[in-house]
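J.: here you go, sequence then predicted model.
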Amino acid sequence: MVITILLSHLVSDFLLQNDSLARWKSRQLKGVLVHGLIVLVVTWLFSLTRDPRWWPWALFIGLTHMLIDAVPLWLGRRVPLQGQGTFALARLLVDQAAHVSIILMALVASGYLEASSLPVDLYFALHSNRSLAFALGYVFITMPAWILVEFMAFGLVNGSAPDFSQATNKYVGILERGLITTFVVTGQLTLAPVVALPRLVLEGPQVMGSRRATLYVAELLASVMIAIVTGLALRWV
């Protein structure tokens, strides 16, 4: 159940949240409610595969997800929430920490985790459900990792929030991270850097002479780093 619910979070909060929905929920409460309803339904559907009686906790996660996402919308109408890129990155990390904390709280309250041994229980859940652990890792390196890469690169290097409408190589990056993660999992770590070479050869000469060169390199390095760390984590479990 533990990995299943964490997986449902990645699917509902990242894979099923496109740019238009993200913009909508940042402007209107209706967008927050629609996104929260998606989270609720996906969490419930995933929980059905493990425990059909878990629906009250799926409802709890969905409702609290709406509440957490509504807070910045409410605050934004009263105090300025704009800042440098590091502020946008911090907002993303705090938002995800809040959502994951609620999920862990629900799993503890429903008896699937023990608060006193949370790290050990999480490791045991990953180790005893390796197929789900791999699914969690490979889903993470798709859209969740892409969003994290953009926030990291723009925030720490460019000093601004990411402009997803101008983002390129989203799917190329996903493919690269998938290959790198697979190489690391299979013990072929030395092949990981080779994956990025075709893009560097084809795009490098054009990008390196532009103002976007530093940002491009930062995005690439962050993407490779996330893929390697994910691969090592999957080998560990």
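T.: Noted; the coordinates are in hand.

J.: any idea how the protein splits into domains?
T.: 2-129, 152-236 (automatic domain parsing).

J.: dump the ones you listed into TSV; add mean pLDDT, mean neighbour count and distance to T142 as well.
T.: In this view, the C-beta of every residue, glycine as well, is placed from N, C-alpha and C. Listed next are these as TSV, based on pLDDT from 0 to 100; neighbours: other Cβ atoms under 10 Å; distance: least, Cβ to Cβ, whole Å:
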stretch	mean pLDDT	mean neighbour count	distance to T142
domain 2-129	88	16	7
domain 152-236	79	16	5
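
J.: closest to P144 out of those?
T.: P144 sits nearest to domain 2-129 of all those, at 4.5 Å, using Cβ to Cβ.

J.: how long is that closest one end to end?
T.: End-to-end distance for domain 2-129: 10 Å, by Cα to Cα, to the nearest Å.

J.: any idea how far V42 is from I5?
T.: Distance of I5 to V42, given as Cβ to Cβ, to the nearest Å: 10 Å.

J.: among the domains of the chain, which is nearest A135?
T.: domain 2-129 (6.1 Å).

J.: which stretches of this protein form strands?
T.: Using DSSP state E, the chain contains no strands.

J.: spatially central residue in it, please.
T.: For the chain, the residue nearest the mean C-alpha position is P144 (2.8 Å; Cα atoms, centre = their mean).

J.: circling back: for the domains of the chain, give me TSV that also has distance to G137.
T.: Shown next, in TSV, are the domains of the chain (distance: least, Cβ to Cβ, whole Å):
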stretch	distance to G137
domain 2-129	9
domain 152-236	5
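
J.: any idea which of those gets closest to Y138?
T.: Of all the domains of the chain, it is domain 152-236 that lies closest to Y138, at 6.8 Å by Cβ to Cβ.

J.: so how far is the closest one off the chain centroid?
T.: Put simply, domain 152-236 sits 15 Å off its chain's centre (Cα atoms, centre = their mean, to the nearest Å).

J.: sorry, back to before: show the contacting residues for the residue nearest to the centre of the chain.
T.: Taking Cβ atoms under 8 Å, 6 or more residues apart in numbering, we find P144 in contact with L10, F14.

J.: and it, what's its pLDDT?
T.: Note for P144: predicted pLDDT of 94.

J.: make 10 the first number, not 1, from now on.
T.: All right, first residue 10 from here; so that's P153.

J.: how close does it sit to L188?
T.: As defined by Cβ to Cβ, P153 lies at a distance of 18 Å from L188.

J.: cool, N27 as well?
T.: Computed as Cβ to Cβ, the N27 to L188 distance reads 25 Å.

J.: could you do A107 as well?
T.: When A107 is compared with L188 (using Cβ to Cβ), they lie 33 Å apart.

J.: S110 too?
T.: 33 Å.

J.: list phi and psi for Q26.
T.: Dihedral pair for Q26: phi -120, psi 100, per degrees, to the nearest 10.

J.: residues contacting it?
T.: Taking Cβ under 8 Å, 6+ apart as the criterion, Q26 is in contact with H44, I47.

J.: can you check G187 too?
T.: G187 neighbours (Cβ under 8 Å, 6+ apart): Y147, I150, T151, A236.

J.: those in helices, which ones?
T.: The helices, defined by DSSP state H, take in Y147, A236 from the contacts of G187.

J.: which of the contacts of G187 tops the neighbour count?
T.: A236 (28 neighbours; other Cβ atoms under 10 Å).

J.: so what's it up against?
T.: By Cβ under 8 Å, 6+ apart, the residues touching A236 are I150, A154, E185, R186, G187, I189, T190, V193, A201.

J.: and the two most separated of those?
T.: Spatially, the most separated pair among the contacts of A236 is A154 and A201, at 14.8 Å (Cβ to Cβ).
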